[in-house]
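Novice: sequence and computational prediction follow.
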Amino acid sequence: MKKNTLVNHPPAVQLAADNRPLVAPIYQSVKFSFDDTGETLRYLRGEREGFFYSRTSNPTLTQLQLLLAQLQGRDGCLLTGSGVATIAASLLSLCKQGDHILAFVESYGPTRYIVQHLLAKFGVTHTLISIEDLPGIERVLREVPTRLVIFESPTNPVTKIADIEHLTAEARRAGALTVLDNTFAGFHNHGAYDIDIFLHSLTKYASGHGDVMGGAIIARAELLAGMRKDIVSMGPTLDPHAAFLIQRGMRTYFLRYERQCANALAASLFLRDHPRVKHVHYPGLDSHPQHRLARRQMSDFGTVVTLELDGGFEEGARFAEALQLYSISASLGSAESLVMPPQLLAGGEYTPDQRAASLITRGTVRLSIGLEDAADLVEDLRQALDQAFI
Ligand SMILES: Cc1ncc(COP(=O)(O)O)c(C=O)c1O
């Protein structure tokens, strides 16, 4: 074998069956090969296990899929290259022309965009109401044949809590599927509810370090089987190296989530008592209007704390810029703390009624609380509030 041939057929290294790595290797390979055509055909006909092409399946992804499905309490999982890819791919797969979707004003912006603009191009209609409008949810589901309901809890940024039992019961009665973007609450929450499909951005708590993007669609086997063919054909799969990093992040998922929630509670208690803060939205506070519902539905309350400043736009920007430990940036759930001033929360394509329901005002500031020391985080909030109101 010439050396230029050798570099394309490097020596294989086999491990004995009784000699295993404690961390699974990254199968950074697009292709897998069987020994002969017959076995390849048996695989392609679904008659044997194996791997062939990484857009369809890859062992590094399989390990993460098994873990996430088990944590969320469902049969299986599909992985995508980002959180929004789970939303676009699953809605495109589940809906056809003429279907109707129930979605909510408080939903993540790109989710509303996909429903209002992308799916509308294919003749899918929708109704957009507030997640707090329980009579509206009943009315729509009883009067309009609906394919699916897509929602979040807690919502972004003001942490409203969806009444999941009510919503799933109404949807089930109407024959509509429920799709919960569970990114804020995490894999350990909401699994006991009658949800058909869970979506997660793995960019947030799963990876945890702000260095990789990904998404997960988690559902029972027969639903997922129907979606798999469509979604594999759309091609949004996760790269094996990204799957490895997310798998590594998952080892500390519970420790991080628990600590970040404790920090979020400390920050929200400080802010609640500060004279320049008109209101704090955090479901873990007993002053949150849905605190009891949150306690019933969740084992902890997440790491997003949103506040209404006494002033408005300018004070919000000054506050965000004065913070030393919170970077002005999008996203949430990573190890470091972040802040979104009113200027960055103001968009959203809302009508005046929808804006009122969103509860986002000119003084709204969103914090994503990280893993820093709680006392340092609180002290930083104190000094930044002092500077914002000089
Ligand atoms: C609730 C929610 N869903 C989905 C996403 C999208 O995730 P990604 O940024 O991984 O596409 C986000 C991102 O902020 C989010 O907050």
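Specialist: Noted; the coordinates are in hand. Numbering: from 1, shown residues only.

Novice: burial of residue 145, as a residue count?
Specialist: Each residue near residue 145 was counted by other CB atoms under 10 Å, and the total is 11. For every residue, glycine as well, the C-beta is placed using N, CA and C.

Novice: from residue 98, how far out is it?
Specialist: Using CB to CB, to the nearest Å, residue 145 is found at 9 Å from residue 98.

Novice: and stretch 244-253 with the ligand, contact?
Specialist: No: between stretch 244-253 and the ligand, judged by CB under 6 Å from any ligand atom, nothing touches; the nearest distance is 10.9 Å.

Novice: buried set for that stretch?
Specialist: Residues of stretch 244-253 classed as buried: 244, 245, 246, 247, 249, 250, 253 (neighbour count, 16 or more other CB atoms under 10 Å).

Novice: which other residues reach that stretch?
Specialist: Stretch 244-253 has contacts (CB atoms under 8 Å, 6 or more residues apart in numbering) with 23-24, 26, 60, 63-64, 67-68, 186-187, 202, 205-209, 211-212, 214, 238.

Novice: change it to 10 Å
Specialist: Stretch 244-253 has contacts (CB atoms under 10 Å, 6 or more residues apart in numbering) with 23-28, 60-61, 63-64, 67-68, 71, 79, 186-188, 202-203, 205-209, 211-214, 216, 238-239, 256, 259, 334-335, 371.

Novice: where does residue 24 land in three-state SS?
Specialist: coil (DSSP: H, G, I helix; E, B strand; the rest coil).

Novice: what number of residues lie near the closest residue to the ligand within the stretch 1-150 of the chain?
Specialist: The ligand sits closest to residue 83 of the stretch 1-150 of the chain, with a gap of 2.3 Å, by CB to the nearest ligand atom. Residues lying near residue 83 (other CB under 10 Å) number 24.

Novice: please apply the same query to the one 10 residues further on.
Specialist: Each residue near residue 93 was counted by other CB under 10 Å, and the total is 18.

Novice: element containing it?
Specialist: Element membership of residue 93 [criterion: DSSP states H and E] is helix 83-94.

Novice: and the average pLDDT for the helix or strand just after that helix is what?
Specialist: Using DSSP H and E, the next helix or strand after helix 83-94 towards the C-terminus is strand 100-104. Mean pLDDT, computed over strand 100-104, is 98.

Novice: so residue 32 sits against residue 53, correct?
Specialist: Yes: the criterion here is CB atoms under 10 Å, and residue 32 meets it with residue 53 at 7.5 Å.

Novice: okay, these two: which has more neighbours?
Specialist: residue 32 (16 against 13).

Novice: what does the pLDDT read for the spatially most central residue of the chain?
Specialist: By CA atoms, centre = their mean, the mean C-alpha position of the chain lies nearest to residue 183, the distance being 2.6 Å. pLDDT recorded at residue 183 is 98.

Novice: surely it is in contact with residue 333?
Specialist: Yes: assessed by CB under 10 Å, residue 183 is found in contact with residue 333 at 7.7 Å.

Novice: element containing the residue of the stretch 251-390 of the chain found nearest the ligand, please.
Specialist: Residue nearest to the ligand within the stretch 251-390 of the chain: residue 331 (5.5 Å; CB to the nearest ligand atom). For residue 331, there is no host helix or strand (DSSP H and E).
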